[in-house]
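>>> predicted model follows, preceded by the sequence.
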Amino acid sequence: MNWSIVFALWRKEVKSYFVSPTAYIVIAVFLVITGWFFTLNLFKENLAHLRSIFDILPFLLVIFAPAMSMRLISEERKTGTMELLMTMPVKDFDVIFGKFLAALTLYSVALLFTLFYPFTISVLGNAEPGPIVAGYIGLVLLGGTYIAIGLLGSAMSDSQIVAFILSFLIAGVFAILVFSSMVMPGGIADVVQYLSTTYHFQNIARGVIDSRDVIYYLSLTFMSLLLASRAVAQRKFL
């Protein structure tokens, strides 16, 4: 991997995010929705914890992660800049990874603003740092996985809308597998449950970071990025 190329692409994409309204709109909507669930839990139910945030974010990210990544390949291919980039001496995976890091940076910035929630809890009640820290680590891993899936969708289509729909459907299937396992027989249920992104996040959000959950997310992220680079390579000749 050529890290200078990866860094150059990361810097280019991050700049393109923040010189347009895209980043600010995504972050604002993200904070409005998470803030609503946080305040609802805090004032209506009079409970000072982040459980409501950790319960809803795995499903919100099914929408937000594809929204952050749907343009990364589709837009460049539509404008013709992707073909120009591919004529340069760069590897497909370097391009994909640089764009992935840019979208992950945008997502991380959005998460940083939500640190106001655990700070508020620590002031109003007795916040347990273990589950909070583990929950945020889980959110980074989960968000990274969905962003990688979003890049795969973007690499498969020239249309941002189609890329979003493809990414949403793929991520959505992984998210709801945990519910599907409830109506399946034992052995199959265990396999289906293990494949669910939500199941692994629920494990981490309890405050225990198991290496099996981390390996699951990293493996699914890498596989999605690898498939995205293969999709880009195949579409060079179409």
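Great, that's in hand.
>>> use CA for all of it now, contacts and neighbours both
OK.
>>> ok, so what distance separates the spatially most central residue of the chain from residue 174?
Centroid-nearest residue in the chain: residue 143, 2.4 Å away (criterion: C-alpha atoms, centre = their mean). For residue 143, the distance to residue 174 equals 13 Å [C-alpha to C-alpha, to the nearest Å].
>>> residues near residue 95, how many?
Burial of residue 95 is recorded as 24 neighbouring residues (other C-alpha atoms under 10 Å).
>>> ok so, going back, and the residue nearest to the centre of the chain, what helix or strand is that in?
Using DSSP states H and E, residue 143 maps to helix 129-155.
>>> next, the buried residues of that helix.
Across helix 129-155, burial judged by 16 or more other C-alpha atoms under 10 Å covers 131-155.
>>> so residue 37 touches residue 53, yeah?
Yes. If you go by C-alpha atoms under 8 Å, residue 37 and residue 53 touch, sitting 6.5 Å apart.
>>> hang on, isn't residue 231 packed against residue 157?
No. The criterion here is C-alpha under 8 Å, and residue 231 misses it with residue 157 at 9.5 Å.
>>> and those two? Which one has more around it.
Taking other C-alpha under 10 Å, residue 231 and residue 157 do not tie; residue 157 has more neighbours (22 against 18).
>>> quick one: average pLDDT of the helix or strand hosting residue 15?
For residue 15, the host element (DSSP H and E) is helix 3-18. On average, the pLDDT along helix 3-18 is 85.
>>> and the contacts of it?
23-24, 90, 94-95, 97-103, 105-106 (C-alpha atoms under 8 Å, 6 or more residues apart in numbering).
>>> show me what counts as buried in it.
5, 6, 7, 9, 10, 11, 13, 14, 17.
>>> ditto for stretch 206-215
Residues 207, 209, 213, 214 are the ones in stretch 206-215 that count as buried (16+ other C-alpha under 10 Å).
>>> which residues does the residue lying closest to the last one once chain neighbours are set aside contact?
Once its chain neighbours are removed from consideration, residue 214 has its nearest residue in residue 141; the separation is 7.5 Å (C-alpha to C-alpha, 6 or more residues apart in numbering). By C-alpha under 8 Å, 6+ apart, the contact list for residue 141 reads 214, 217, 218.
>>> surely residue 114 meets residue 31?
Yes. Proximity of residue 114 to residue 31 meets the contact threshold set by C-alpha under 8 Å, at 7.1 Å.
>>> of the contacts of residue 141, which is the nearest to residue 180?
When the contacts of residue 141 are compared for distance to residue 180 (C-alpha to C-alpha), residue 217 wins out at 19.6 Å.
>>> could you dump the buried residues of helix 3-18 to CSV with distance to residue 119?
What follows is the buried residues of helix 3-18, written out as CSV (distance: C-alpha to C-alpha, whole Å):
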residue, distance to residue 119
5, 38
6, 35
7, 33
9, 34
10, 31
11, 31
13, 31
14, 28
17, 28
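>>> tell me which helix or strand of the chain sits lowest on mean pLDDT?
helix 81-86 (a mean of 59; mean pLDDT, DSSP states H and E).
>>> helix or strand right after that one?
With elements assigned by DSSP H and E, the helix or strand that comes after helix 81-86 is helix 92-113.
>>> great, nothing more from me.
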